[in-house]
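Participant: could you work out the structure for the sequence below:
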Amino acid sequence: MAEQKLSGQTALVTGASSGIGAGVARALGQAGANVVVNYVSNADEAEAIAAEIRQQGVEAVAIRADVSQEHQVQAMFRQAVEQFGTIDILVNNAGLQRDAPFHDMTLQQWQTVIDVNLTGQFLCAREAIREFLRRGPRPEVSRATGKIICMSSVHELIPWAGHVNYASSKGAIKMLMQSLAQEYGDRQIRVNSICPGAIQTPINTAAWSTPQALNSLMTLIPYNRIGQPGDVGKLAVFLASDDSDYITGASIFIDGGMTVFEGFATGG
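Facilitator: As a prediction, this is how the structure comes out:
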């Protein structure tokens, strides 16, 4: 049994029915948190994740909400607080891609990515902070009044041709996260970002599903392996726990070294 660093706390993880979100939700449950598994379309998968988390001896519930829709986000938070009393941890994970060459990118492709990846994080963070301020400190379970973890990407730093909408959303998340950390630090609300590189999830199957694609990907990763959702989950537990109580406003890269630009290892 993993150490119960988050015992007595409740976490809400958006986009938690698969991929990184599912890995994070599992890890938070293993660390003792009750978990709200948010999903938008994969009800069976979300219910399965919640059932798996409950086997850890904590509570878990799947709640459907489109994070880009204000009324759905507010309803989700109301339901979560009614069920668990409060929320202590928000993991702003929900995100998607709508890739296109920039000159062919439609306004809908741009707007869909911004609505989910950026506006969704705004809406969820706002509801979480409202709840943290309403509730006040809970020193018996956490030194911080509340914790928000934004799921960013190496692409808040690395430009990404053919994915301008996605990279733009992640660059904006960095400023959203840092501005919230600045604004609410005096209320002991901690806000940080996790910036994954290549993680083996359904969103990027094309990058790892064949030996040729995986070999090509490895030319970008000094550590020479693809990441797993569980890797991100362990980092999320750390950032949600008192072990990281002096960390706020930070972008933490978990990328096997992708951001050291391995293509320049031989001099460029």
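Participant: can you map out the strands along the stretch 151-268 of the chain?
Facilitator: Taking DSSP state E, counting those that start in this stretch, the strands of the stretch 151-268 of the chain run over residues 189-196, 251-254.
Participant: can you redo those strands as CSV with distance to residue 4, mean neighbour count and mean pLDDT?
Facilitator: To be clear about C-beta, it is placed using only N, CA and C from the backbone, and glycine gets the same treatment. CSV is the format used below for the strands of the stretch 151-268 of the chain (distance: least, Cβ to Cβ, whole Å; neighbours: other Cβ atoms under 10 Å; pLDDT from 0 to 100):
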stretch, distance to residue 4, mean neighbour count, mean pLDDT
strand 189-196, 20, 25, 99
strand 251-254, 23, 18, 98
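Participant: for residue 151, which of the ones you listed is the nearest?
Facilitator: In terms of Cβ to Cβ, the element of the strands of the stretch 151-268 of the chain nearest to residue 151 is strand 189-196, at 5.7 Å.
Participant: what's the closest one packed up against?
Facilitator: For strand 189-196, the packing partners by 3 or more Cβ pairs under 8 Å, 6 or more residues apart in numbering; DSSP states H and E come out as helix 120-135, strand 146-151, helix 164-184, helix 229-240, strand 251-254.
Participant: tell me which of the ones you listed is the most buried.
Facilitator: strand 146-151 (a mean of 27; mean count of other Cβ atoms under 10 Å).
Participant: return the distance of the helix or strand bottoming out on mean pLDDT in the chain from the chain's centre.
Facilitator: Counting by mean pLDDT, DSSP states H and E, the chain has its least confident helix or strand at helix 211-218, which shows a mean of 88. Centroid displacement of helix 211-218 relative to its chain, using Cα atoms, centre = their mean, to the nearest Å, is 25 Å.
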